[in-house]
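K.L.:
sequence first, predicted model second:
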Amino acid sequence: MASADNLVISTSDGTELVHGVSVSVRPGEAVGIVGESGSGKTLTCRALLGILPAGLAVTGGTVAIDGQDLTHASEKQWRRLRGTHVAAVFQDPASFLHPAIPVGAQLEETLRITAGVPRRQTRERARELLDDLGIRRVDLVLRQRVAELSGGMLQRVLIAMALAADPAVLIADEATTALDVTVQAELLELLKRLRVERDLALILVSHDLAVVSQVCERVQVFRDGRVVEAGATSRVLRAPGHPYTRELLSAHAAYGLERYLG
């Protein structure tokens, strides 16, 4: 459903930041991308969304969504696919929502613009989406603004927006990083359920191996703009073949990763 093959991303002066990376995900599959900050994992995902920062461009390889080659696609072409074929949720959900507008109105606008839901049906559809995401007192939440909701609740609202047009691919880029452990666990379970129920192709980006181990069948380890190790999550985490992966595992040992490998 989504793939980058031998992807190269460079700055305008020709400096390569991502060096021949390949990533793919199939319907119903969850793929984890792990690595430290600056390893190229977010840039790779932004290429899959057609939202590379200004001054950066795909200079090698290919990007495809649902079989369509989008390596050199225009913004107009990408706009037709974002939300409907591929969507994303990121860290710090409050920064993606307008602070002065009730979140319900923002969700309804997404339903109208991205999913094409008639205006008279958007409120009921918004209720259904939030209810499906396990939100209690849905009508109250729809009336509230960003400052009145917790980080976990805001992330659920963003997930609802991302899924409004029923995309085939969801990219979750550090979506649980800023949340406390309990809320993080709830959102990971939610992502697992949505993947199964919707046959969703899920790319989960994290610096936390424990997070990836709970959700993903496959994992790719990024370092310095390259994939240094890839394979089945259980194999990579139990018998890492690359020194950097072993370093990550050692660094995460104190956080109870063994619980998820048992």
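P.N.:
The structure has been received and is ready for your questions. This one's a predicted model, so the numbers in the text were calculated from it and none came from an experiment. Numbering: from 1, shown residues only.

K.L.:
kindly state the pLDDT recorded for the closest residue to Met161 other than its chain neighbours?
P.N.:
Among residues not flanking Met161 along the chain, Thr110 sits closest, at 4.6 Å (C-beta to C-beta, 6 or more residues apart in numbering). In short, each C-beta sits where N, CA and C put it, glycine included. Note for Thr110: predicted pLDDT of 95.

K.L.:
Thr110 reaches Ile159, doesn't it?
P.N.:
No. Assessed by C-beta atoms under 8 Å, Thr110 is found out of contact with Ile159, at 11.6 Å.

K.L.:
on that earlier part again, torsion angles phi and psi at the residue nearest to Met161?
P.N.:
phi -60, psi -40 (degrees, to the nearest 10).

K.L.:
residues contacting it?
P.N.:
Neighbour list for Thr110: 83, 161, 164 [criterion: C-beta atoms under 8 Å, 6 or more residues apart in numbering].

K.L.:
pLDDT on stretch 24-38, on average?
P.N.:
94.

K.L.:
likewise stretch 163-179?
P.N.:
pLDDT averaged over stretch 163-179 gives 89.

K.L.:
what of stretch 227-247?
P.N.:
93.

K.L.:
before we move on, what about stretch 52-64?
P.N.:
Here the average pLDDT along stretch 52-64 is 96.

K.L.:
list the buried residues in that stretch.
P.N.:
52, 56, 58, 61, 63-64 (16 or more other C-beta atoms under 10 Å).

K.L.:
now stretch 93-102
P.N.:
Here stretch 93-102 shows 93, 96-97, 102 as buried, counting by 16+ other C-beta under 10 Å.

K.L.:
before we move on, what about stretch 28-45?
P.N.:
Those buried within stretch 28-45 under the rule 16+ other C-beta under 10 Å are 29-35, 39-45.

K.L.:
any idea how far it is from the chain center?
P.N.:
Stretch 28-45 sits 9 Å away from the centroid of its parent chain (C-alpha atoms, centre = their mean, to the nearest Å).

K.L.:
start and end of it, how far apart?
P.N.:
From its first residue to its last, stretch 28-45 covers 18 Å (C-alpha to C-alpha, to the nearest Å).

K.L.:
now do the strands in the stretch 51-200 of the chain.
P.N.:
56-65, 68-69, 86-90, 169-173 (DSSP state E, counting those that start in this stretch).

K.L.:
and the first one, what does it pack onto?
P.N.:
Using 3 or more C-beta pairs under 8 Å, 6 or more residues apart in numbering; DSSP states H and E as the contact test, the elements touching strand 56-65 are strand 2-11, strand 16-25, helix 41-49.

K.L.:
now do the helices in the stretch 101-250 of the chain.
P.N.:
Residue ranges of the helices in the stretch 101-250 of the chain, as given by DSSP state H, counting those that start in this stretch, are 103-113, 119-132, 138-143, 151-162, 181-198, 209-215, 233-238, 243-252.

K.L.:
His19: which of those is closest?
P.N.:
Evaluated with C-beta to C-beta, the helices of the stretch 101-250 of the chain place helix 243-252 nearest to His19, the distance being 15.0 Å.

K.L.:
how about that closest one: buried residues?
P.N.:
Within helix 243-252, the residues that qualify as buried are 244-245, 248-249, 252, counting by 16+ other C-beta under 10 Å.

K.L.:
from the contacts of Thr110, pick the one nearest Asp131.
P.N.:
Closest to Asp131, out of all of those and judged by C-beta to C-beta, is Ala164, at 13.9 Å.

K.L.:
isn't that closest one right next to Gly83, touching?
P.N.:
Yes. Taking contacts as C-beta under 8 Å, Ala164 lies within contact range of Gly83: 6.9 Å.

K.L.:
of the two, give the one with the bigger neighbour count.
P.N.:
Neighbours per residue (other C-beta atoms under 10 Å) separate Ala164 from Gly83, with Ala164 holding more: 25 against 20.
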